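In: Here is my input, please return the structure:
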Amino acid sequence: MTLSQLIRLIPKVLTHVGEDVVIKGICADSRRVEPGDLFVAIPGVHVDGHQFIGRAVSAGAAAVVGERPPEVVVREAGREFAYVQVADARKAWAWCAALWEGLPSRDLTLIGVTGTDGKTTTVSLIRAVLHAAGIAAGMISTVRALIPSGEGRGGGWEAADTGLHTTTPDPSVIQHHLAQMVENGATHAVLEVTSHGLAQHRVAGCAFDVAVVTNITHEHLDYHGSLQAYREAKASLFDGLSQSFRKPGVPKLAVLNRDDDSYRYLRDYEVDGQITYSVTGSADVTARHLRLEREGSQFELCTPAGSVTVETGLVGAYNVANILAAASVGIGLGISPESIGEGVASVTGVPGRMEPINEGQAFLALVDFAHTPNALREALQAAREMAGEQRVIVVFGSAGLRDREKRRLMGRVAGQLADVVILTAEDPRTESLEAIMRESARAAEAEGKRGGVDLFLVRDRGEAILRGCDMARPGEVVIACGKGHEQSMCFGETEYPWDDRTAMRMALQGRTLNTLPTSGLERKG
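Out: Sure, this is the predicted structure:
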């Protein structure tokens, strides 16, 4: 593919200088450039890719895309080369990646799921509903990508890891997986879309047909700067529906949560159809006769196409909301309530989402990804329902170099809903772990928790989980929140291997997972 062919859909190409060279690959990391590649210089938060244009050209890059004027980059690189100046290099990268893979989303009914909490579970539920209806569908979430390897219900799938601390994957990864799905006969795909992924244009070039929101609450204000900016990033998924590529016979649909404040400002976006869901009130898709139990939930799913009894191993009212969101997608795509119920029942769990860990102990041990105030509240409310009159012991922390306000809010939620609060490390990065824990501890103390009685600060996360298990009595619930499926934890600037599920399993055996630094790396500040 030539350079001119590759850049033809990039919005706002400002300048194109040099020859129309043949491109052999696309790369945004100068360390991985191979001869013939197009190097995209991304102005990052901490590092500016324009600084590495000279290195990329020396490594054999055939052309470069960037935001700076050509005379500046040529002077800094010390040589001439084919160069394309664009208004937004991130958006250009996404469009180039999409074109390189043949614009695969145009051959799929593409469903995007955004929101603060519940995205991964909802993506898994939607894919299961599609599969139950005999539709070959793939998915890309923050946990994994599933690529169908055969058509319809009889086909299997290939799983691919999507990274350690990733949100929405980079454009090249997204487009490659979508192209694999098309090649393997998929007709639908479900994509988890984060606010970072939207704000950084990682899904530019993706022609979405259905946009789904779970909820929009306090999160990522360190990056977006304000709740309004965060909301606008999420809303861009819905705003883009009317502007994206139209596929014959495929309507543009919005699936909205009537129980969430986001409905107020998402309902006015122009779409072909809108489907609403609600756990507690009136909507197109609702739940009646709801029974929430320790082992799962049961309710009557009510839709415009009829009703069906749904039984699921997923626990908590928030998972009922996730199920209703998935059911709304099914209804919008013409899937029967019976197939929706079958698909929901097939999802027995999602990695790191209220995942039970069982080593024969007399109490319930759970690992959950809850790392926002709202998600922690929902996880602890579900844990309270499971515990009945028994205690709930929560182990959690807050990340360094991220939204500081969450530390206080999560400490307050834990103080209100848990009987015992154990504060510990959760990616402190270069911040003081002690200072992070104290912010949450003060909020928990304001809710009546007392240090050394029902509030503990334990630096080592493995020791903290072991402490929670050691103090648990029969029938109680121990829940470790914040890491879920993730496979690493960041101390200083280093990612160390970590898995909460392994740590919980070892704690239940009376042992501690020791893969993290024990001192010295995060005592600054």
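
In: who touches Leu466 in this structure?
Out: Applying CB atoms under 8 Å, 6 or more residues apart in numbering to Leu466 gives the contacts Met506, Ala507, Gly510, Arg511, Thr512. Every C-beta, even on glycine, is put in place using the N, C-alpha and C of the backbone.

In: Confirm that it sits in a helix.
Out: Yes - per DSSP: H, G, I helix; E, B strand; the rest coil, Leu466 lies within a helix segment.

In: From the contacts of Leu466, keep the buried residues only.
Out: Neighbour-count burial (16 or more other CB atoms under 10 Å) applied to those gives Met506, Ala507, Thr512.

In: The second one in helix, strand or coil?
Out: Read that as Ala507. Look at Ala507: counting by three-state DSSP, its state is helix.

In: And the last one, by the same measure?
Out: For Thr512, the reduced secondary structure class is coil; criterion used: three-state DSSP.

In: What residues does the nearest residue to it once chain neighbours are set aside make contact with?
Out: Nearest non-adjacent residue to Thr512, counting by CB to CB, 6 or more residues apart in numbering: Gly462, 4.2 Å away. Gly462 makes contact with Ala503, Met506, Ala507, Thr512, Leu513, Asn514, Thr515, Leu516 under the criterion CB under 8 Å, 6+ apart.

In: so how far is Ala77 from Gly462?
Out: Gly462 sits 48 Å away from Ala77, going by CB to CB, to the nearest Å.

In: Equivalent analysis for Phe369, please.
Out: Counting by CB to CB, the gap from Phe369 to Ala77 is 43 Å.

In: Pick out whichever of the two has more residues nearby.
Out: Taking other CB atoms under 10 Å, Phe369 and Ala77 do not tie; Phe369 has more neighbours (26 against 19).

In: burial count for Gln416?
Out: Neighbourhood size, Gln416 [other CB under 10 Å]: 15.

In: Can you list the low-confidence ranges for the chain?
Out: In the predicted model, the chain carries pLDDT under 70 at residues 150-156, 161-167, 218-225, 518-525.

In: what's the domain layout of it?
Out: What automatic domain parsing lists as the domains of the chain is 3-97, 102-346, 355-508.

In: Please list all residues in contact with Ala379.
Out: The contact partners of Ala379, taken as CB under 8 Å, 6+ apart, are Gly316, Met354, Asp368, Ala370, Ile479, Cys481.

In: mind checking the SS state of the fifth one?
Out: It refers to Ile479. Under three-state DSSP, Ile479 comes out as strand.

In: and it, how many residues sit next to it?
Out: Counted with other CB under 10 Å, Ile479 comes out at 26.

In: can you tell me how far it sits from Asp500?
Out: To Asp500, Ile479 is 10 Å away according to CB to CB.

In: same deal with the last one?
Out: Relative to Asp500, Cys481 is positioned 9 Å away (CB to CB).

In: more neighbours, the two?
Out: A count of neighbours by other CB under 10 Å puts Asp500 above the other of Cys481 and Asp500, at 29 against 26.

In: Would you mind confirming that that one makes contact with Ile465?
Out: Yes - look at Asp500 against Ile465 with CB atoms under 8 Å: they come within range, at 7.3 Å.

In: what sits in contact with each of these two?
Out: With CB under 8 Å, 6+ apart as the test, Asp500 and Ile465 both reach Ala480.

In: Next up, phi/psi of the closest residue to Gly118 other than its chain neighbours, please.
Out: Take Gly118 and drop its neighbours on the chain: the residue closest to it by CB to CB, 6+ apart is Thr214, 4.0 Å away. In terms of degrees, to the nearest 10, the main-chain angles of Thr214 are phi -90, psi -70.

In: residues in contact with Thr214?
Out: By CB under 8 Å, 6+ apart, the contact set of Thr214 is 113-119, 122, 257, 260, 321-322, 325.

In: and the gap between it and Ala441?
Out: Per CB to CB, Thr214 is found 30 Å from Ala441.

In: For the closest residue to Thr109 other than its chain neighbours, the count of nearby residues, please.
Out: Spatial nearest neighbour of Thr109, chain neighbours left out: His188 (4.6 Å); criterion: CB to CB, 6+ apart. His188 has 25 neighbours, counted by other CB under 10 Å.

In: Looks like His188 contacts Val129 (just checking).
Out: No - applying CB under 8 Å, one finds His188 not in contact with Val129, separated by 10.3 Å.

In: Dihedrals phi and psi, Tyr265?
Out: Note on Tyr265: its backbone torsions stand at phi -110, psi 0 [degrees, to the nearest 10].

In: That one contacts Glu232, correct?
Out: No - using CB under 8 Å, Tyr265 is not in contact with Glu232, being 9.3 Å away.

In: just the contacts of Thr214 now: which is nearest Arg202?
Out: Using CB to CB, Thr114 comes nearest to Arg202 of the contacts of Thr214, at 12.4 Å.

In: For beta bridges, what are the partners of that closest one?
Out: When assigned by DSSP bridges, Thr114 has beta-bridge partners Val213.

In: what about it, distance to Ala254?
Out: Going from Thr114 to Ala254 by CB to CB gives 11 Å.

In: higher neighbour count, the two?
Out: The neighbour count for Thr114 versus Ala254, taken as other CB under 10 Å, is higher for Thr114 (28 against 23).

In: Which of the contacts of Thr214 fall in helices?
Out: Mapping those onto helices (DSSP state H) picks out Lys119, Thr122, Ala321, Asn322, Ala325.

In: Surely the first one is in contact with Ile111?
Out: So the one you mean is Lys119. No - the pair Lys119 / Ile111 is not scored as a contact, 11.8 Å apart, by CB under 8 Å.
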